[in-house]
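>>> What shape does this take:
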Amino acid sequence: MKKLDFFDRTEQESNKKLQRRTFLSYLGFAAAGATSFLGWKWLNRQPIDNGALQPLRSTLETNEKILTSTFSEHHLVKTYPVEKAVKNVRINSLIGLQEDIDETAWRLIVRKGDGSTIPVSLDVIKKLPKKEIVYDFKCVEGWSQIQHWAGVPLRDFIVALGLQSQTKMKYIGMQTPDQRYYIGLDMPSALHPQTMLCYEMNGQPLIYQHGRPLRLIIPVKYGIKNLKNIGEIFFTNSKPRDYWMERGYDYYAGL
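Below is the predicted model:
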């Protein structure tokens, strides 16, 4: 009989311990839920900074500092054989594009830090040594495609125009001729050997939906930085405006 009493007491003590642990667990979940709710309310009372709540924008800027500190031009994006490239390249946005461009009259405006400009025709760009790249184009929406592009590396273009001194600045900005779409690039990413001004896709001249007559391909960034229909390139020490950053996205947008 005493032996049974011992087991009963042991079971009762175990049940009490289990009940205490269950109570503490519920209490912990309730506290976490209350903290999350209060944190959510606090976050939504914060001011907006370039399309994002200020604490979130600060987090994105911290991430940018970390990524820029580890960036290297020697880190190349993986490339593929031409036959791996898709034939039907996805069209994702038409902001700032123009269907009726006269390529003979079109000029790329290059604006230096002192405000002076250099107009550059498509023929001049095409006379520079052409290079090709087949890589996995990645979109912030989560899709990707292996795509085939051709043109001139941006840093080769800069050298050809004698603009090396401009690269001492921190940023390059680009925008469409109507200024409806615009991006800002950190100088190291702009000068990466795989960053290109492209005028061909799959061996053919660009159609306007893909940025005719000239677009940016920058494999070290997400698609939102790959500006179509470039109208102007400029050099600056101030962060250029960026279309999607103003709508809450990451300015750096690096891979």
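
>>> Three-state assignment for I125, please.
helix (DSSP: H, G, I helix; E, B strand; the rest coil).

>>> Mind jotting down where the strands sit in the stretch 1-150 of the chain?
48-49, 52-53, 107-111, 117-121, 131-138, 144-153 (DSSP state E, counting those that start in this stretch).

>>> What of the stretch 151-255 of the chain?
When assigned using DSSP E, counting those that start in this stretch, the strands of the stretch 151-255 of the chain occupy the ranges 171-175, 182-186, 196-201, 204-205, 215-217, 232-236.

>>> Would you convert the ones you listed into JSON lines that also reports mean pLDDT?
Listed next are the strands of the stretch 151-255 of the chain as JSON lines, based on pLDDT from 0 to 100:
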{"stretch": "strand 171-175", "mean pLDDT": "98"}
{"stretch": "strand 182-186", "mean pLDDT": "98"}
{"stretch": "strand 196-201", "mean pLDDT": "98"}
{"stretch": "strand 204-205", "mean pLDDT": "98"}
{"stretch": "strand 215-217", "mean pLDDT": "98"}
{"stretch": "strand 232-236", "mean pLDDT": "98"}
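
>>> quick one: which of those strands is nearest L76?
Comparison of the strands of the stretch 151-255 of the chain against L76 by C-beta to C-beta identifies strand 196-201 as nearest, at 12.9 Å. For glycine as for every other residue, the C-beta is placed from the backbone atoms N, C-alpha and C.

>>> do you know how far D123 is from R107?
11 Å (C-beta to C-beta, to the nearest Å).

>>> the more surrounded of the two?
Regarding D123 and R107, a neighbour count based on other C-beta atoms under 10 Å identifies R107 as having more, with 15 against 9.

>>> check contacts around K78.
K78 makes contacts with 135-136, as judged by C-beta atoms under 8 Å, 6 or more residues apart in numbering.

>>> again with D136
For D136, the contacting residues are 77-78, 80, 144-147, taking C-beta under 8 Å, 6+ apart as the criterion.

>>> Name the spans of this protein whose pLDDT lies under the cut-off.
With pLDDT under 70 as the threshold, the chain has low-confidence stretches at 1-44, 49.

>>> Can you tell me the centre-most residue of it?
In the chain, the C-alpha nearest the mean C-alpha coordinate belongs to A253, at 2.6 Å (C-alpha atoms, centre = their mean).

>>> Skipping adjacent residues, who's closest to that one in space?
Ranked by C-beta to C-beta, 6 or more residues apart in numbering and with sequence neighbours excluded, the top spatial neighbour of A253 is Y222, at 4.6 Å.

>>> rewinding a little: P119: which of the strands of the stretch 151-255 of the chain is closest?
Distance to P119, taken as C-beta to C-beta, is lowest for strand 232-236 among the strands of the stretch 151-255 of the chain, at 10.2 Å.

>>> For that closest one, name the packing helices and strands.
Packing contacts for strand 232-236, counted by 3 or more C-beta pairs under 8 Å, 6 or more residues apart in numbering; DSSP states H and E, involve strand 107-111, strand 171-175.

>>> between it and strand 107-111, what angle do the directions make?
Our comparison of strand 232-236 with strand 107-111, counting by axes from the mean of the first three to the mean of the last three C-alpha atoms, to 10 degrees, yields an angle of 10 degrees.

>>> who touches Y199 in this structure?
122, 125-126, 150-151, 205-206, 213-215.

>>> and those as TSV, adding neighbour count?
Output for the contacts of Y199, formatted as TSV (neighbours: other C-beta atoms under 10 Å):
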residue	neighbour count
L122	19
I125	19
K126	15
A150	19
G151	25
P205	13
L206	21
P213	20
L214	25
R215	23
